[in-house]
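**Q** curious how this folds, go ahead:
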Amino acid sequence: MNTPTPDTATGDEHAGHAGHGYITAKDDYLKRLRRIEGQSRGLQRMVEEEKYCIDILTQVSAMTKALQAVAMGLLEDHISHCVVDAAVAGGPEAEAKIKEATDAIARLVRS
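**A** Modelled structure (predicted):
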């Protein structure tokens, strides 16, 4: 398997790759993540203010769904960009990208 080596300056093992699949929707992802960050702060506030358990759980569920939506979007972008490009090129890189995507799907299913 062709494992990427980390960029020594950034520690990014995928540095040097042409734009990632999500790059065209980067601003959308950042907006979603900032909204999720706000939800997290809201949950902290709810606990501090001793709100009703079910109300907190409802907000946890909403935040979980929002994170899952981000994850599914990133996965779709990864498959349609990174995996497809690697598959077209073929070779060990294609096998590595397919395994990487499969492992990511397995992690999402377990979570």
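**Q** C-alpha only now, for contacts and for neighbours.
**A** Will do.
**Q** the helix or strand harbouring residue 92 - what's its average pLDDT?
**A** Using DSSP states H and E, residue 92 sits in helix 91-110. This predicted structure assigns helix 91-110 an average pLDDT of 92.
**Q** and if you look at stretch 53-65?
**A** So the average pLDDT for stretch 53-65 ends up being 97.
**Q** buried residues, that stretch. List them.
**A** When burial is assessed from 16 or more other CA atoms under 10 Å, stretch 53-65 yields the following buried residues: 56, 59-60, 63.
**Q** contacts for stretch 33-42?
**A** 59, 63, 66-67, 70 (CA atoms under 8 Å, 6 or more residues apart in numbering).
**Q** what's the nearest residue to residue 88 if we skip its chain neighbours?
**A** residue 94 (7.8 Å; CA to CA, 6 or more residues apart in numbering).
**Q** how many neighbouring residues does that neighbour have?
**A** Number of residues near residue 94 (other CA atoms under 10 Å) recorded here: 20.
**Q** what helix or strand does the most centrally placed residue in the chain sit in?
**A** Most central in the chain under CA atoms, centre = their mean is residue 71, positioned 4.1 Å from the mean C-alpha point. For residue 71, the host element (DSSP H and E) is helix 53-78.
**Q** can you give me how far stretch 92-108 is from the chain middle?
**A** Chain-centre distance of stretch 92-108: 14 Å, with CA atoms, centre = their mean, to the nearest Å.
**Q** list the buried ones in that stretch?
**A** The neighbour-count check on stretch 92-108 (16+ other CA under 10 Å) flags 93-94, 96-98, 101 as buried.
**Q** isn't residue 77 up against residue 24?
**A** No: counting by CA atoms under 8 Å, residue 77 does not reach residue 24; the two are 9.5 Å apart.
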